[in-house]
Structures are given as structure tokens and as C-alpha cells.
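**Q** Next input, structure requested:
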Amino acid sequence: MIDRRLEHFLLYEMSDDWMPVGAFASLIRRITPDAYSRRQILDVISEIAARGHLRFGGWAMETSKTWEPWAVPHDVAMSRIANGFKGSVGVLNATDKELATTEVFRADLTDAGFARLSELGGDPYEIYGDPWEGDPLMAAEGDFPPWEH
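**A** Got it, this is the predicted structure:
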């Protein structure tokens, strides 16, 4: 079961654009640091997808040069993310630097994901605060409540 704050931030970040796997890693590490692991990254992505809140996909540089969904079963998509795909390193064998920049996959928020985001209450920064509060390179701009670790 995904931590509610983590779920809220993940869905919120996906609502803006196709979200890379590095953003999942970053949010999991920051919001639930005790649970962070490479396996946890995969478990969180898998659970959100199984709930129908995200679509698997990636860049289609050879055809449309934009994002396109993967027409593959859940287990195949998760294997691509875990082990690598089309020359991009996967979560399990990436260095931390590679994990931050890999384009092995990008998530797209589904209509069900938007509905869940609405149930969670809108902008998580306004509800929970900024998880990067105090980090001059990562902190969000705005007047948010204090972040509680």
C-alpha cells in the first residue's frame, strides 16, 4: 500500500506531463526515505498502474518523436522498467546518476488517475508542504505549510 502523501505527490507530478522513472525515485526517496529501494520504486509504479492510474509508455523517437503508450502487458512493461529497454538502463542496474536521467519509461496519468488526484484534494504542496523545503536547488516557490518528515 502506497503512503497517501507519496501517492498524492506522484499523481500530482504526473498530471503535469509524462513523468520519468527518475521522478518516481526522487519522490519516493524524499517522502518515504525509510522505504526507499530500487525494488520499492518498481513496486510503487506497478501498484499505481495496477490501480489503473497510469499508462506505461516512452519516447517514440523513431516514429513520432513524442510520447506513446506501450501496447504490452503489465509484466512486460515492468520488466522493461526494471531491466532496461531500447538502450536505456533499467531501475535495477542503473547507477544513481543514470536513474535520475534514464528515459527507460515515462508515465502518463489516466482519467482514473485524475479522478484519484481529485479525491486526494488537489495540490499536495498546499496540503502537506514542500518535501524539498530548505533545499535551495529543489524547493518549490510558494507559501506552503511546513513539511513534516
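**Q** got the CA coordinates for stretch 54-62 in CSV?
**A** Only the C-alpha atoms of stretch 54-62 are listed here, as CSV (Å, rounded to 0.1, in the frame of the first residue of the first chain):
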residue,chain,number,x,y,z
LEU,A,54,-1.1,5.4,-15.1
ARG,A,55,-0.3,4.2,-18.5
PHE,A,56,3.1,2.8,-19.4
GLY,A,57,4.9,4.4,-22.3
GLY,A,58,8.0,6.2,-23.5
TRP,A,59,9.5,8.3,-26.2
ALA,A,60,9.0,7.1,-29.8
MET,A,61,11.9,8.8,-31.4
GLU,A,62,12.0,6.6,-34.5
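**Q** element containing the most centrally placed residue in the chain?
**A** The centroid of the chain falls nearest to F24 when counting by Cα atoms, centre = their mean (3.2 Å). Using DSSP states H and E, F24 sits within helix 21-31.
**Q** The following helix or strand past that helix to helix 21-31, inter-axis angle?
**A** Next along the chain after helix 21-31, taking DSSP H and E as the criterion, comes helix 38-50. Angle of helix 38-50 versus helix 21-31, following axes from the mean of the first three to the mean of the last three Cα atoms, to 10 degrees, is 110 degrees.
**Q** The residue nearest to the centre of the chain: what's its closest spatial neighbour, skipping adjacent residues?
**A** Nearest residue to F24, sequence neighbours excluded (Cβ to Cβ, 6 or more residues apart in numbering): I41, at 5.5 Å. C-beta here means a position set from N, CA and C on the backbone, and glycine is covered the same way.
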